[in-house]
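Peer 1: Give me a 3D structure for the following:
(2 chains)
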Amino acid sequence: MQSPPLNDSACPLTPEQQAMINHLVGTLEPVQLAWIAGYLSAINTLALQGAGQATAVPAAAGTAVNGAVELTILFGSQTGNCEGMAKMAAERAAQRGIKSNLKNMGTYKAAELKKEKLMMLIVSTHGEGDPPDSVEDLYDFINSKRAPKLGDLKYSVLALGDSSYENYCQIGVDFDKRFKELGAEAFRDRVDCDVDYDDDAEAWIDGALDKAADLADTGDSNAVPTGVPAMPFTFPGMAPAASKYDRKNPFPSAILENINVSGHGSGKENRHVEMSLEESGLVYVPGDSLGVFPTNCPEFVAEIIATAKLKPDAVVQSANGEETLQDALLKTYEVTILTPKVIDGYAKFAGKAIQSLLGDKNKAKQRKYIEGRELIDMILDYPPKIDAQGFTSVLRKLPHRLYSIASSYDAHPEEAHLLIATVRYQTHGRQRKGVATTFYSDRVTEDTLVPSFIHENPNFRLPADPATPIIMIGPGTGVAPFRAFVEQREIDGATGKNWLFFGDRRFRTDFTYQTEWQRFRKDGILTRIDLAFSRDQDEKVYVQHRMLEAAKDIYAWLQDGATIYVCGDEVHMAKDVHAALLDIVRKEGGMKANAAAEYVKNLQRDKRYQRDVY
Amino acid sequence: MSDTDRESGPPNEVELIKDASNYLRGTIVEGLADKITYGIAASDCQLTKFHGTYLQDDRDQRSERRRQKLEPAYMFMVRVGIPGGVCTAAQWLACDELAHTRANGTLKLTTRQAFQFHGVIKPDLTPLMRGLNEALMTTLSACGDVNRNVMAGAHPHDSPIYDQMLADCQAVSDHLKPKTNAYQEIWLGTDKVMATTIDDNEPIYGKTYLPRKFKICFAIPPHNDPDIYTQDIGFVAIEKNGKLSGYNVIVGGGQGMTYGMPETYPRLGSVIGFCKPGQLLDVAETIVKIQRDNGNRSNRKRARFKYTIDDHGIDWIVSELNRRMGSKLVKAKPFEFTTNGDQYGWEKADNGNWFVNLYIEGGRVLDTDDFPMMTGLREIAKVHDGDFRLTGNQNLIIGNVDPGNKRKIDSLLKKYGLLDAMKHSSARLNSIACVALNTCDQAFSEAERYLPSLMDRMDEVIKAAGLWDDPIIVRMTGCPNGCGRPYVAEIGFTGKAIGKYNLYLGAGFHGERLNKMYKENIGEDEIIETLEPMIHAYAKKRKKDERFGDFCVRTDIIKATREGMDFHD
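Peer 2: Predicted coordinates:
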């Protein structure tokens, strides 16, 4: 197998140790490699716990590697004035021999903030005290509960503004105030500048650099290096480390972000949800899913209790021990889906009429009844004589839901991002709602903790060899794991080409993670992206049509050793994509149908054709 | 930083983009083909302006979409220059159709007598351009650092030289069109092999075109509806014994300025002489070239011709013009304007045909539930064999109505309520609003979407003061750049932030004097509280025929602005 040879001067291993690792890795099969990775990771976790330290997080490139404090000049500009002053500051810093990193808030990764030691921040205020567009994200971040402690940071703020507005220089004022609250120390007082800012701004730059020169020079050479690079042998197939949390003992996960990402006017409601894994010890790799336990809709539960003529505060013995009927129906039992078993159990408490749905000879009738109906329909159609305990005994336990994780752990440490399509529809004159999806859209609050666990998906994994090209086919919410894939390939510096097929209804409103794909393509991570928006033209266009259009290139990639991934709808999409793949291999490979089928089978056997479909 | 520093600096970024663009090509073709975005490259956005289109986005959605990881709701504004504002009924129908199939279903009639399409998404852009071309219209040079749409007064009914002036307007427009083949290549699909055999060059502009936009306008006294003093060049048609004897030449007008930069200011044009009709193209071309060679290419905020004039002095400009032309302009002929507003209702022209001037609020042609304006105009276009004329006040004239057709047109106007606007206050009928939010990237505040509701409150004041039928020029723009010519409004507003405006007072009624800032950064209540006592005082204490702007100056509410350079004093 191929792997990147370990030959890195910044690596904490001795050359001898590096050689041993290189030798060992060269002999390993993927399964063996995964096992060893998991083993080492577990040892590492235990060692860190023993030392009473937090999990070490590899520093992003650009921060200090030798312990010296580097100056960051961070600007947020609307019209370019702040950018101009920031550039001047960087030039003058260079003249004084101070190394500085010039960064734009528009592209600044918020996660970098907690690693900053020394910062000159230049920001303008727009309109009536608003941040410039490019500043909004960072501004929201530092004012959110996710803002990190900034105890190590020394900073100074230059605020640009226009005193004819009421909230003059407000954004600079806010950054200054918030940084202080987060524990940072201002090494020079903030300066607020009006429209004729040049002189004041220059004075601030020179004054701040006088101070910064001292602070930057006194880097403690004994400090623990903050720039240890990611261990090169943390391959993407690495098994998760041990955590005390699992499906049986789920981690109460806080919701960090929960936003409808379907644009204005879309017929859909797809939510991007960011869950916190902080201090859970839970880790995952791209391809894994997050299991979550939702709760039921309180209005549904209330209606069920009232319709069955029960009392919400009746006490029942449930799988969770003793609890009220209301709690049991909210958290413990499934109160929507009808199953034959639920009907059979329930029938004992209902009148004669329900007999027509029971027994072998009524199977078809029962199936027909179940179609589009839920528990409440049965209670209405066949009123029961039942007590609370009897009622719960009929019900299924509320199952967890699995969502493909849409983030790379390394890109978003201690977070798991999900992409959830909210399900709402009408049947038999009633509004129906997906339990977990509307849980996220309607019922969670800032304080909700969602019981969560990692569900491994060993059959949906990035290639062990980072040079292997990959083709990802993920329309709709099927795109979720591919965001994780591409993030991971970027952070690993994987050299393999990446090609995404995405589709949905409309370009304008349904291009999920659009700006991120644009950024990945611009930065050369995403080699190619082909899009199919079914409702943007008269004829319906889906991903399989785009695949057929690109048949020649797909086949060439496969011949180059590409792995092809499919995620999303099983019934239609995955079937059509599979047929398209067979078609492409047959035509482009000049094969008979059975040879093409054999080719595709071999891909599957070699794990070069992987699917996560549902 | 002093003014001289700004002017002697290196070429600005846009100059570099133009220089590298190969006569306005850049990477526009590649950008149009890029399927991952409805936008185009930032450098190409500078170039598409020359092709008559701006990339914009729905600013109402901007912030939400960024959080949704969606790009801005990009869409293009497409502007069609109509020299003198005169188009055929067939062209009106074509624009109406394209607005529905390729844009947001509305048309904006601009303050430069152009059509604007809004909300055009990238896949619709090329089909829209082609559709316009098929209807014999072009978007070329409707924006960009070139001569824009050439304007002309839109009221032909009482001048025998109107048609001659219109022909001259068209000739100047044609003469100053960019000659690059890029437009045909990019939008009309001219064969590239063919195109590359033609050597592109720009005999008038050169490869970097002008330092900034350039505006030319014609007017016939006494009507100054296109605001001739606000143009880089104005030609005032002079009539003698029913014949066109020539044009007075006015140079150096311009509206835009930048907040916080007192070295930027609006300026009214200076009358520099008179030319014969035969000299017209030479005068126009030579002035354009003087600006090409002397305009500021370092600082775009001071790149308009008005600053070139003030930096060199008007005498230098005149002598340079005479030197380059090899002949002298003679002394300007006397002329007198009386108004810059429109003349509503039916008027009969010398040629026996009828013209009816309609009020179009904010210049926006659209259908609403209670006012099917766009449908009505379409029905008229279907039966009308004359023309449609866009006025510089964002209004519309159904022109050259045959006397035999007048009754039919009139009944359609009534059927669709197109004359009902006449019931508005005269101040509203004399109002202008630029587009501003939600599509214009320059805007700090609302204008077109907001002015009608502000006028509702102003109307109460005006009614109480008994001034319902007294014209007062009211103009609102969402930024200080001046598209809506706010600095020659008797009551001018420029946007500072959402809900906040600078208030300007004291302009002349026919565009002959700039206004001056009276209050900075005020909201609606303060606007009304400020204007109410002035309007009442005006009603009670004005002299006979005294205009509101003049009244404000006479009663020392505001100091008169004598020239651009004292605008900020």
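Peer 1: in stretch A:566-580, what's buried?
Peer 2: The neighbour-count check on stretch A:566-580 (16 or more other Cβ atoms under 10 Å in any protein chain shown) flags A:566-569, A:573-574, A:576-578, A:580 as buried. C-beta: built from backbone N, CA, C; applies to glycine.
Peer 1: Let's test this: what are the backbone torsions at residue 531?
Peer 2: All of this is about chain A. phi -120, psi 140 (degrees, to the nearest 10).
Peer 1: nope, chain B
Peer 2: Dihedral pair for B:L531: phi -80, psi -30, per degrees, to the nearest 10.
Peer 1: re earlier: taking the buried residues of stretch A:566-580, tell me the two that lie furthest apart.
Peer 2: A:C567 and A:A580 (15.4 Å; Cβ to Cβ).
Peer 1: quick one: A:Y155 and A:L182 touch, right?
Peer 2: No: between A:Y155 and A:L182 there is no contact under Cβ atoms under 8 Å: 10.4 Å.
Peer 1: which residue packs closest to B:T88, ignoring adjacent ones?
Peer 2: Among residues not flanking B:T88 along the chain, B:D387 sits closest, at 5.8 Å (Cβ to Cβ, 6 or more residues apart in numbering or on different chains).
Peer 1: Let me see the contact set for the closest residue to B:V365 other than its chain neighbours.
Peer 2: What sits nearest to B:V365 in space, not counting adjacent residues and going by Cβ to Cβ, 6+ apart, is B:L107, at 4.2 Å. Counting by Cβ atoms under 8 Å, 6 or more residues apart in numbering or on different chains, B:L107 touches B:95-96, B:99, B:115-117, B:364-366, B:374.
Peer 1: let's see it at 10 Å
Peer 2: Neighbouring residues of B:L107 by Cβ atoms under 10 Å, 6 or more residues apart in numbering or on different chains: B:80, B:92, B:95-96, B:98-100, B:115-118, B:360, B:363-366, B:374, B:377, B:390, B:396.
Peer 1: Those residues of the stretch 51-200 of chain A touching chain B, which are they?
Peer 2: Neighbours of chain B within the stretch 51-200 of chain A, by Cβ under 10 Å from any Cβ of the partner chain: A:79-80, A:126-130, A:133-134, A:136-137, A:140, A:162-167, A:194-198.
Peer 1: Buried ones among the residues you listed?
Peer 2: A:126-130, A:133-134, A:136-137, A:162, A:164-165, A:197.
Peer 1: ok, back up a step: return the subset of the buried residues of stretch A:566-580 lying in helices.
Peer 2: When these are checked against helices (DSSP state H), the matches are A:576-578, A:580.
Peer 1: Save the residues you listed as TSV, and put in pLDDT and distance to B:G508 too.
Peer 2: Listed next are these as TSV, based on pLDDT from 0 to 100; distance: Cβ to Cβ, whole Å:
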residue	pLDDT	distance to B:G508
A:D576	97	71
A:V577	97	71
A:H578	96	76
A:A580	98	71
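Peer 1: which one of the residues you listed sits closest to A:Y440?
Peer 2: Closest to A:Y440, out of all of these and judged by Cβ to Cβ, is A:V577, at 27.7 Å.
Peer 1: Quickly note the distance from A:W204 to A:G161.
Peer 2: Counting by Cβ to Cβ, to the nearest Å, the gap from A:W204 to A:G161 is 14 Å.
Peer 1: now swap in B:D385 and tell me
Peer 2: B:D385 sits 59 Å away from A:G161 when distances are taken as Cβ to Cβ.
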